[in-house]
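1. dropping a prediction and its sequence here:
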Amino acid sequence: MQLIPCPWCGPREEAEFHYGGQAHVAYPEDPSALTDEEWARYVFFRENPSGPFAERWSHNAGCRRWFNAVRDTRTHDLLAVYRVGEPMPEVTA
Amino acid sequence: MNLRTPTGGAVDRNTVLHFTFNGTEYTGHPGDTLASALLAHGVHEIGSSVKLGRPRGIVAAGSEDPTSLVQVEAPFSEPMLLATTVELYDGLVARGLAGQGRLSAEPDPARYDAKHEHCDVLVVGAGPAGLVAALTAARAGARVVLVDEQNQAGGALLGVDEYLDDRPSAEWVADVVAELRSTPGVLVLERTTAFGMYQDGFVLALQKRTDHLGFAAPASAARQRVWRIRTRQTVLATGAHERPVVFADNDRPGIMLASSARTFLHRYGVLPGSRAVVFTTNDSAYCAAIDLAESGVDVALVVDARPEAPARLATECAARGIEVRAGQVVTGTDGPGRITAAHVGDERIACDALLVSGGWNPVVSLFSQARGKLRYDAELGAFVPGEELSSVRVAGSATGELDLTACARQGRDAGAGAARAAGFTAGGQVPLPASDSRCTARSGLVLWRVPGSDDTSFVDLQRDSTVADVLRATGAGLRSLEHIKRYTTIGTAHDQGKTSGMIAAGIVAEALGVELAEQRPTTFRPPYTSVSFAALAGRDRGELHDPVRVTSIHPWHVEHGALFEDVGQWKRPWYYPRPGEDLHTAVLRECKATREGVGMMDGSTLGKIDVQGRDAGAFLDMLYTNMMSTLKVGRIRYGVMCGVDGMVIDDGTVIRVGEQRYLVTTTTGNAAKVLDWMEEWLQTEWPHLDVHCTSVTEHWATIPLVGPRSRDVLAAVAPDLDVSNEAFEFMTWRDTEVAGVPARVCRISFSGELAYEINVTAWHGITVWEALMAAGERYGITPYGTETMHVLRAEKGYPIIGQETDATVTPQDLGMSWAVSKKKRDFIGKRSFARAENNRTDRKQLVGLLPADPSVLLPEGSQIVETDRLPEPPVRMLGHVTSSYPSAALGRTFALALVRSGHERIGETLYVPVDDSLVPVTVTESVLYDKEGARRDG
Ligand SMILES: [Zn+2]
């Protein structure tokens, strides 16, 4: 079982965490101003890269905080974790 | 036949154990395995093969054995164990299997558990390399865990009678183990197999704690334990398995790996037969020939496939009268079952044991699981670890090194390296033991098979897969070992191809004319050896499988004969049958009593979330489709929650407790999900909002008091409360005392009847429940369960989230446009309501269905079609029945359904296929009872 370094608690077992999909997909400022297609992109479309991917995770069975992580989808290695609101750090896969 | 040597081996000849195999009684000794005890009586044949029914014997002495599958019948029936790893105990009853066992019909009475362990250095394998590695790391000050699958440390040393530093190797082993055991922070686990290696130093190991005690196993002790080890550094000293050579009729009982025969001799004092032939491609089998000859076995011949026999070993053989023939091979065998002769050249050499060595395969399973890359070693004819990993080191014969002192040196280097990497540098060097071994396995010849009858040349003896099967696979165009493994099933049995996988790869490479170095070995997956589901489940069985949640009033329900329904982890009263009642009659009675008099239920499981903060109102406005910030303190509003896609995810009531405080309720099964949903938005999108959410589900006992007489009952127990309709309006709440206990009473209804929801702290739940029962007695107060609740709400067309809805239903589909605010600029899901898809007129919408025959109950989940006769498929489905009940109030059956364009179809006749007939139904509005809402105020 993988260890995930919660930015608040330190390394904990992955079973304590909940996956939250792609990070940095902000809720649109004014949804009513969006076209159907723009709105559908927000609701339904996410990236699916092979390599580093910025994701949201929640330490559900721990501190219950959401945070962001960059995970290499090829290896599951977590290349970086950072708190909500912080910019995505530079990573080398 | 007695094949037990007069002396030698680690068995206690002074104690006799009795056991039964295939219906015959035998004896053995402590220290025996089932296999060694049978061999001592000359019993080689264990079972038969899975497809062909050919006799199967004992090929190896340990967990790599492909054939000796048995079912232990007593003390407890357990299938698919290896005779070579079942330690003998008094009273053991077992029988051989034909490749498949049978699960016991009885529940397993044994206890299984799991334990977490953290260490700096984990050493897997307690052979010479592992022991030196563990000792080196321990002396450096690291916390060390040493696991080994055998019942004692020693590894390969257990199967030889060699000396280390001029004394029996067992003494050296005992000294190392004694020092390890006396070192603080070091844990040595025998009978413990590391079976899985995962990311970040996570290793699972299975410890067999009391299996070997048989009937004497204490019931209080866990039989097996799964160790969940988290380690900084790992040393894999997992050893090597001898592999056979494939030839025609190589599957007869009596044909055994040479080193295993040596192990049976030295560890158990058992001979493999009385007349043996040895067939080898390397030096190591000479030691078996010599040792067995010295123990009284007539070793007829050593057949060495190499052009020349090693001079020194050949001389030693000659001195013992053993003939050696170099440049020859065994081409076949005779025998009715067990071998009676080996074919060598044109000769048939009579024998009752044929001992084979085709070289050694390093055990690289865990290394490969740790994502280590493997490399083909052409001299060894095997895959070996091909790279260094930052936290996993390999030492000993697992690397392909077969010289004992060199293995020990690797162990020392690995132990020191692992300790250093974990931050420990203390301690002096552990001296390396010097061996007197005459035989090593290097300078061997790589020989996968002897050409012959492909149909009887077995590669995987357990799967009955032959050379012919491999050639059929390559002939069919398969090239990858993974594909060939699946096509032939080689390596998929209990042993996972420990002795067959490498040979299969070699034969494939030969057949395809490619280099093995270019072949990718098949993936090694956990578990390394079989692990029972009982061990994996551990304590998480039966009642402990999942936490059970009960309300504070639960004991009363039990006492009053309620039957329970599982809702998530909650036990909820389902209905309260009286003598002679079934579900149907009990629910009709509960419904009637509630609609005509008064009923009550335990609603404590309802999810409750306390939402506080300056921005609580604004936050709830975004979360719910309707407006919550305008709710006045003291009032209650029903709310619907949607996802960003506009689909309903939950519903419930919102109570405004104070200017900056709300209490929201959720459906029982969604409480945790809704709290997570709130936290997600607060933390990731709107961290600037001053809002705090707290689950208070279990703080409150909640009792809906329902029916026309509910006001009378409440008045009797809440003297301070003006219960009149004018003073206590629908959708308002009051704080008061009920039965002398502080209570919050809400006027809400999930049944359409006059109703009150009484909330008290959970501590007082049962007191208040009993007070209400007593006060309501004169009105025939009736406790009811979830089934009656479902009927009452369905009669009113109230949907249950998750029953009427899946992830494709909007509030509009449910006929709840009234709960969707038109005033709010935005809320979650709002934008999706304007999507074209959401505005199609043929969306599935919630309606009622009345079967033409009022006694016909439509099965929930039934499909709905348009015609009274089924057309040719594909039949157009209009929707499905979501809820269906008999109704006391309606005097008939009814159903709720999601139907395409349902709101436009009211009055239409549609059809529901039930069994072989089509049941005509009339589409109605979803509200079927008291459409005017006249009963709400009593
Ligand atoms: Zn945390």
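-> Yep, that arrived.
2. can we go C-alpha only for contacts and neighbour counts from here?
-> Noted.
3. which stretches of the chain have low pLDDT?
-> If you meant another chain, say so; for now it's chain A. Residues of chain A meeting the criterion pLDDT under 70: A:93.
4. I was thinking of chain B, sorry if that wasn't clear
-> By pLDDT under 70, the weakly predicted segments of chain B are B:440-442.
5. next, count neighbours for whichever residue of it sits closest to chain A.
-> Residue nearest to chain A within chain B: residue B:199 (5.1 Å; C-alpha to the nearest C-alpha). Using other C-alpha atoms under 10 Å in any protein chain shown, the number of residues around residue B:199 comes to 15.
6. cool, residue B:82 as well?
-> Neighbours of residue B:82 using other C-alpha under 10 Å come to 29.
7. again with the one 5 residues further on
-> Burial of residue B:87 is recorded as 21 neighbouring residues (other C-alpha under 10 Å).
8. tell me who's in contact with it.
-> B:31, B:32, B:33, B:34, B:211, B:212 (C-alpha atoms under 8 Å, 6 or more residues apart in numbering or on different chains).
9. what does residue B:232 give?
-> B:119, B:120, B:121, B:122, B:200, B:201, B:391, B:422 are the contacts of residue B:232 under C-alpha under 8 Å, 6+ apart.
10. how about residues contacting the host helix or strand of the fourth one?
-> In this structure, residue B:122 is located in strand B:112-124 according to DSSP states H and E. Strand B:112-124 is contacted by residues B:130, B:133-134, B:137, B:142-148, B:194, B:222-238, B:415, B:418-419, B:422, B:534-535, B:537-539 when judged by C-alpha under 8 Å, 6+ apart.
11. show the subsequent helix or strand relative to it.
-> The helix or strand immediately downstream of strand B:112-124 is helix B:128-139, counting by DSSP H and E.
12. that following helix vs strand B:112-124, what angle?
-> Per axes from the mean of the first three to the mean of the last three C-alpha atoms, to 10 degrees, the angle that helix B:128-139 makes with strand B:112-124 is 90 degrees.
13. a helix runs through residue B:766, doesn't it?
-> Yes: counting by DSSP: H, G, I helix; E, B strand; the rest coil, residue B:766 falls inside a helix.
14. report the contact partners of it.
-> Neighbours of residue B:766 in contact, by C-alpha under 8 Å, 6+ apart: B:552, B:553, B:556.
15. in CSV: those, plus distance to residue B:697 and neighbour count.
-> Listed next are the contacts of residue B:766 as CSV, based on distance: C-alpha to C-alpha, whole Å; neighbours: other C-alpha atoms under 10 Å in any protein chain shown:
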residue, distance to residue B:697, neighbour count
B:552, 12, 22
B:553, 14, 23
B:556, 20, 13
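16. now, which of those lie within helices?
-> Counting by DSSP state H, the contacts of residue B:766 place residue B:556 in helices.
17. check the contacts of residue B:766 against the ion and report the nearest one.
-> Nearest to the ion among the contacts of residue B:766, counting by C-alpha to the ion, is residue B:552 at 31.5 Å.
18. from residue B:772, how far out is that closest one?
-> For residue B:552, the distance to residue B:772 (C-alpha to C-alpha, to the nearest Å) stands at 15 Å.
19. gap between the residue of chain A found nearest chain B and the ion?
-> Residue of chain A nearest chain B, by C-alpha to the nearest C-alpha: residue A:2 (5.1 Å). To the ion, residue A:2 is 15 Å away according to C-alpha to the ion, to the nearest Å.
20. list the contacts of the spatially closest residue to that residue that is not a sequence neighbour.
-> Closest residue to residue A:2 apart from its sequence neighbours, by C-alpha to C-alpha, 6 or more residues apart in numbering or on different chains: residue B:199 at 5.1 Å. Applying C-alpha under 8 Å, 6+ apart to residue B:199 gives the contacts A:1, A:2, A:3, B:370.
21. try 7 Å
-> A:1, A:2, B:370 (C-alpha atoms under 7 Å, 6 or more residues apart in numbering or on different chains).
22. again, but for residue B:503
-> Residue B:503 touches residue B:448, counting by C-alpha under 7 Å, 6+ apart.
23. are we agreed that it is in a strand?
-> No: if the criterion is three-state DSSP, then residue B:503 is helix and not within a strand.
24. buried set for the helix or strand where residue B:72 lies?
-> Under the criterion of DSSP H and E, residue B:72 resides in strand B:69-74. Going by neighbour count (16 or more other C-alpha atoms under 10 Å in any protein chain shown), the buried part of strand B:69-74 is B:69, B:70, B:71, B:72, B:73.
25. show me what that strand is in contact with.
-> B:77-83, B:92-97, B:99, B:101.
26. neighbouring strands - and their directions - for it?
-> Applying DSSP bridges to the sheet, strand B:69-74 is found paired with strand B:78-82 (antiparallel), strand B:93-96 (antiparallel).
27. of all these, which lies closest to the ion?
-> strand B:78-82 (42.7 Å).
28. just give me how far that closest one sits from the chain centre.
-> 19 Å (C-alpha atoms, centre = their mean, to the nearest Å).
29. how many other residues sit next to residue B:872?
-> When neighbours are defined as other C-alpha under 10 Å, residue B:872 has 7 of them.
30. element containing it, please.
-> Using DSSP H and E, no helix or strand contains residue B:872.
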